[in-house]
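Undergrad: Got a sequence here, can you build the structure:
(2 chains)
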Amino acid sequence: MRHQIPLIITFVAGITMIVQYFVPHEPFAALSQQFRIWFLIIATFAMILGVGNIIKIHVERISRARPGWGYSVILLAGLATTAISGIGWGIQPGTIFFYLFWNLLIPLGSTMFALLAFFITSAAYRAFRARTAEATLLLAAAIIVMLSRVPVGTYLWDRFPIVGNWIMDYPNTAGQRAIMIGIALGVVSASLRIILGIERTYMGAGK
Amino acid sequence: MSIFERLTRIDRRIIFCTVALAVIIPLLRPIGFPVSVSPSVKKLYDAIEALPPGSRVLMSFDYDPSTMPEVYPMNFSIAKHCFKRGLKVYGMALWATGVSLGQDALEKAAKQYDKAYGVDYINLGFKAGGIVVISAMAENVVETFPEDYAGRSVGQFPVMKGVRNFDDFDLIVDFSAGDPGVIQWIMIAYGRYGKKVGAGCTAVSAPAFYPYLNAGQLVGLLGGMKGAAEYEKLMDYMGTATAGMDAQSVVHALIVFYVLFGNAMYLVERRRSRRNRL
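TA: Numbers count the residues shown, from 1 in each chain, chains lettered A, B, ... in the order given. Coordinates of the predicted model:
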C-alpha cells in the first residue's frame, strides 16, 4: 500500500489536470481548482520542511564544530531574526523585518551579484579565445550583442543595435526554439512516465 | 616567457581594478551617452498607453535584491506609467523577496500621482507554488490571495471590487529574475487564458524570451538595465537605470577590449610558436 497509494494519487491528479485543460467544465474545473489549492498548501508545508532541513544540517555542523561552523551560527541567527520579526510584527515600513530587509539583505544581495562583473571580465579575458571557426563566430556575435545593448555601441557605430537585434531575433530565436522544443518533449515524456507509474524514483530509492 | 605570453596572463587584480574604475568614474562623472529605444520596449509602452483609464494591470514581482539594480527601475517606471494613465495596479509575488521590492516601487510611484493604497493599487503578497499560483488565481483571485501582503483581508479594499479571475485583468506584467517567472506567466496567462503578458527581466535571461516576443506571446519585453533606461526615456525622466547606463557602457566596452586584446595576444603567440617549431 505504501507504493500503490502515492501511485494512485499521482495518476488521478495527473489525468484530472490533463483532462481539465481540454474539457474546462464540471466536474473537472472544480476538481482541478481544488487540486491547485491543495498544491498551494503542500507547497507551503514544503517550505517549512525546507527550513527544518536547513536548521537540522546547520545545528549538526555547529554541534560537531565542523569547518565553517561560524557561518552556520550566522545563518541560523539570521533565519531566526527575520522569521520571528516578520511573523511577529509584519513586513511593513517601520518594522524590524523592513529594516533588516532594506539595510542588510538588499546591500548583501546586490554586492554578491555585482561581483559577477569582475569575474566575468577576468574569465572572458582568459577563456574567450577564437580557437575554432565556431568559437570565432560565437565571439563575434557576443561582441556585437554586447555593444548593441549599451549606448556606447550606438556611439561607436549607429548600426550596432540593428545588427544586435537581428542576431537576437533570428539566430538566437532559432536556437532558443530548438532548445525549447527539446525541453518540452522531455517534460511531456517525463510527466507521462510519472503519471503512468513507470517513473517511480520520486518515491525514493528507485522503488 | 615572451612579452606576448605575459600579456595573455595579466594579473586578475589589475583586471578587477580597471573594472572598478570603469564603474566608479562614469557614476561620479556621467558621460551622458544617448539612449535609443528598442522596438520590444516601445511595444510594452504602447500596450499600456492603449489601455483606457480604470483598466486593471496585474504585476508580478518575481525578483530579489541581487537583481534589484536591473529589475527595480523597470518595476518603478511601469508602475509610474500605470498611475499616470489612471490604471488600477494589482501587485503580487511568486518570489518571497519580491513583495517588499514591489511594494516600495508601487508606493513611490503612487505618491507621485496621489494614488491611495487599496483604492488605486494593492499588493496581494507572496504565495508559494509558482505556476500553480498563477493557475489558481486565474480561476479565483480572492480564494488564492485572501489577504494582502500585510495580512489584511482583500475584501475590505475598494480596488478589489469586481475582481474575480483573469478575465478582470487587461494586462499582466511580470518582473522576473528567474524561475518561476516569465515562462510560467506565458504558459498559463497567455497560453491558457489568452491574456496580454508583458515582461521585464534581467539582461542575462532576456535572450530566452525572444521566441515568445517574436511569436506575439509577449506584448513587450524590457531586458536588463538598458530596457529600464529605455522605458525611463519614454517616460521622460532620468532614473537610476539611465544613470547606470554610462557605467554599464564603459564596462561592456572594457570587456570587449579585454576579449579582443586577449585574442590578439593569443593569435600572435600562436603564430610565433608555430614559426619557432618550423
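Undergrad: Now do the helices in chain A.
TA: With DSSP state H applied, chain A shows helices at A:4-22, A:28-63, A:69-89, A:96-100, A:106-127, A:133-148, A:151-156, A:160-167, A:173-195, listed in chain order.
Undergrad: just the ones you listed: most buried one?
TA: helix A:151-156 (a mean of 20; mean count of other Cβ atoms under 10 Å in any protein chain shown). Heads up, the C-betas are built off the backbone N, CA and C, glycines and all.
Undergrad: Kindly state the domain boundaries assigned to chain A.
TA: Here the domain parsing of chain A from automatic domain parsing is A:1-89, A:90-127, A:130-207.
Undergrad: Just the strands from chain B, written as ranges.
TA: Counting by DSSP state E, one finds strands in chain B at the ranges B:56-62, B:88-93, B:121-126, B:171-176, B:197-201, B:220-223.
Undergrad: For chain A, what's its nearest residue on the stretch 51-200 of chain B.
TA: Chain A sits closest to residue B:65 of the stretch 51-200 of chain B, with a gap of 3.2 Å, by Cβ to the nearest Cβ.
Undergrad: OK, contacts around that residue?
TA: A:105, A:106, A:107, A:108, A:109, A:110, B:97, B:101 (Cβ atoms under 8 Å, 6 or more residues apart in numbering or on different chains).
Undergrad: Taking helix A:106-127 as reference, get the angle to the lengthiest helix in chain B.
TA: In terms of residue count, the longest helix belonging to chain B (DSSP H) is helix B:240-277. Angle of helix B:240-277 versus helix A:106-127, following axes from the mean of the first three to the mean of the last three Cα atoms, to 10 degrees, is 20 degrees.
Undergrad: Please name every helix or strand in contact with helix B:240-277.
TA: helix A:106-127, helix A:133-148, helix A:151-156, helix B:3-7, helix B:12-28, helix B:68-84, helix B:224-234 (3 or more Cβ pairs under 8 Å, 6 or more residues apart in numbering or on different chains; DSSP states H and E).
Undergrad: where along the stretch 101-250 of chain B do the helices fall?
TA: For the stretch 101-250 of chain B, the helices defined by DSSP state H, counting those that start in this stretch cover B:131-139, B:141-144, B:182-185, B:210-214, B:224-234, B:240-277.
Undergrad: Tell me which of these lies nearest to residue A:121.
TA: helix B:240-277 (5.2 Å; Cβ to Cβ).
Undergrad: ok now the closest one, how far from the chain's centre?
TA: 28 Å (Cα atoms, centre = their mean, to the nearest Å).
Undergrad: Give me the angle between that helix and helix B:12-28.
TA: 150 degrees.
Undergrad: buried set for helix B:240-277?
TA: B:240-256, B:258-259, B:262-263, B:265-266, B:268-269 (16 or more other Cβ atoms under 10 Å in any protein chain shown).
Undergrad: ok so, going back, so which of the helices of chain A gets nearest residue B:50?
TA: helix A:160-167 (23.0 Å).
Undergrad: From what I see, residue B:214 and residue A:169 are in contact.
TA: Yes: taking contacts as Cβ atoms under 8 Å, residue B:214 lies within contact range of residue A:169: 6.1 Å.
Undergrad: Pull the contacting residues for residue 126.
TA: With no chain named, the answer covers chain A. residue B:262 are the contacts of residue A:126 under Cβ under 8 Å, 6+ apart.
Undergrad: let's do chain B instead
TA: B:92, B:93, B:94, B:95, B:96, B:98, B:99, B:149.
Undergrad: right, and out of the residues you listed, which lies closest to residue B:130?
TA: Distances from residue B:130 to those, taken by Cβ to Cβ, are shortest for residue B:94, at 5.7 Å.
Undergrad: For burial, what's the neighbour tally of that closest one?
TA: By other Cβ atoms under 10 Å in any protein chain shown, the residues close to residue B:94 number 24.
Undergrad: Look up phi and psi at it.
TA: phi -100, psi -10 (degrees, to the nearest 10).
Undergrad: quick one: it and residue B:177, what's the gap?
TA: 11 Å (Cβ to Cβ, to the nearest Å).
Undergrad: Give the residues shared as contacts by the two.
TA: Between them, residue B:94 and residue B:177 share the contacting residues residue B:62, judged by Cβ under 8 Å, 6+ apart.
Undergrad: Can you read off the pLDDT for the residue of the stretch 51-200 of chain B closest to chain A?
TA: What the model reports as pLDDT for residue B:65 is 92.
Undergrad: wait, what's in contact with the closest residue to it other than its chain neighbours?
TA: Leaving aside its sequence neighbours, residue B:65 sits nearest to residue A:109 (Cβ to Cβ, 6 or more residues apart in numbering or on different chains; 3.2 Å). Residue A:109 is in contact with B:64, B:65, B:66, B:68, counting by Cβ under 8 Å, 6+ apart.
Undergrad: now residue B:120
TA: Here residue B:120 is in contact with B:83, B:88, B:89, B:110, B:159 (criterion: Cβ under 8 Å, 6+ apart).
Undergrad: pLDDT score for the closest residue to the last one other than its chain neighbours?
TA: Counting by Cβ to Cβ, 6+ apart, residue B:122 is the residue found nearest to residue B:159 once chain neighbours are left out, at 5.0 Å. With respect to pLDDT, residue B:122 scores 97.
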